[in-house]
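1. coordinates for the following, if possible.
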Amino acid sequence: MRTASYGLSGSQLYPYILCPELPPWLYIRFSCSWSKCSVREDHRGPVNNELCRKGIKYMIKKIWSDPVWSKVIAAGILTGVATAGSYFLNWWPSIGAAVKKCYEFFLLTTNVKNWLLALVCLLCLPTLIFLFALIWNAVRGQEKSTGSSWRTYTTDLYFGLRWRWKYFDDGDIYDVHTFCPHCDFQVFPQNASAFRAIDRIGFHCDSCNRILGEMDESWDSLENKVKRFIQQKLRNGSWTQQNMA
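-> Residues are numbered from 1 along each chain as shown. This is a model prediction of the structure:
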């Protein structure tokens, strides 16, 4: 049986789905915005295949967009291609012969044993790596001084709230959160509508006890609008003024 359990974190609703088509250890997690963050719900019941596919799609996109996992996957693919290519091109005997020659070289001696020379070379590697890191940091620092990256634009004020967000590798905005503009305490949208059919959310700071305003729209609509304002500033270049402020 497919089941889904929902856990509320702030204004985000996180379903965890277990699909019978997948190994039992593989759980899929994806988030969907939910304006009624004051309500907590536990739901267990059948989940259709479409919901399961969305969970898998989100999981793959999340892993592929992650800066660490994307490099791990790319390295695994390259390793597999290189291994298969070496096998079909019959390179393994040549590789084995090269390894054998290296081993025999280390056993030979001149005035100094070759294995001792190899050990000295290995001890020099940290110094070379350190020098490379210094050069790399110097070059990167020079690039940053000539012009800041748009990825440093991760906070701004919209609709009387302080917003913070992150970027995927492809530039998509995610992990959007709201904060009190007065004390920088994180705030969440609360349902302020007297009617279920009418969307209305409000923000209240539990730290400084300020009422931060109400909006006649859902959290989905507000978040989408803020993302479009962010993208507008990135297009016209006005985000640089915010970073200098």
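2. how confident was the prediction at the residue nearest to Ser86 when sequence neighbours are not counted?
-> Leaving aside its sequence neighbours, Ser86 sits nearest to Trp92 (Cβ to Cβ, 6 or more residues apart in numbering; 5.7 Å). Every C-beta, even on glycine, is put in place using the N, C-alpha and C of the backbone. At Trp92, the model reports a pLDDT of 82.
3. how far away is Trp92 from Ile77?
-> The gap separating Trp92 from Ile77 is 20 Å, by Cβ to Cβ, to the nearest Å.
4. residue contacts, the spatially most central residue of the chain?
-> In the chain, the centroid-proximal residue (Cα atoms, centre = their mean) is Asp66; its distance is 4.4 Å. Neighbour list for Asp66: empty [criterion: Cβ atoms under 8 Å, 6 or more residues apart in numbering].
5. and it, backbone torsions?
-> With angles defined as degrees, to the nearest 10, Asp66 sits at phi -70, psi 130.
6. quick one: low-confidence ranges for the protein?
-> Counting by pLDDT under 70, the chain shows low-confidence ranges at 1-52, 54, 109-110, 140-148, 242-245.
7. next SSE downstream of the strand or helix carrying Gly76?
-> In this structure, Gly76 is located in helix 67-88 according to DSSP states H and E. Reading on from helix 67-88 to the C-terminus, the next helix or strand found by DSSP H and E is helix 92-107.
8. can you check what angle separates the helix ranked longest in the chain from helix 92-107?
-> Identified as the longest helix of the chain according to DSSP state H is helix 114-146. Interaxial angle of helix 114-146 relative to helix 92-107 (axes from the mean of the first three to the mean of the last three Cα atoms, to 10 degrees): 110 degrees.
9. which SS state does the residue located most distally from the centre of the chain fall under?
-> Using Cα atoms, centre = their mean, the residue of the chain lying farthest from its centre is Asn111. It sits 54.5 Å away. Of the three states, Asn111 takes coil under DSSP: H, G, I helix; E, B strand; the rest coil.
10. against Leu117, how distant is it?
-> Distance, Asn111 to Leu117, by Cβ to Cβ: 10 Å.
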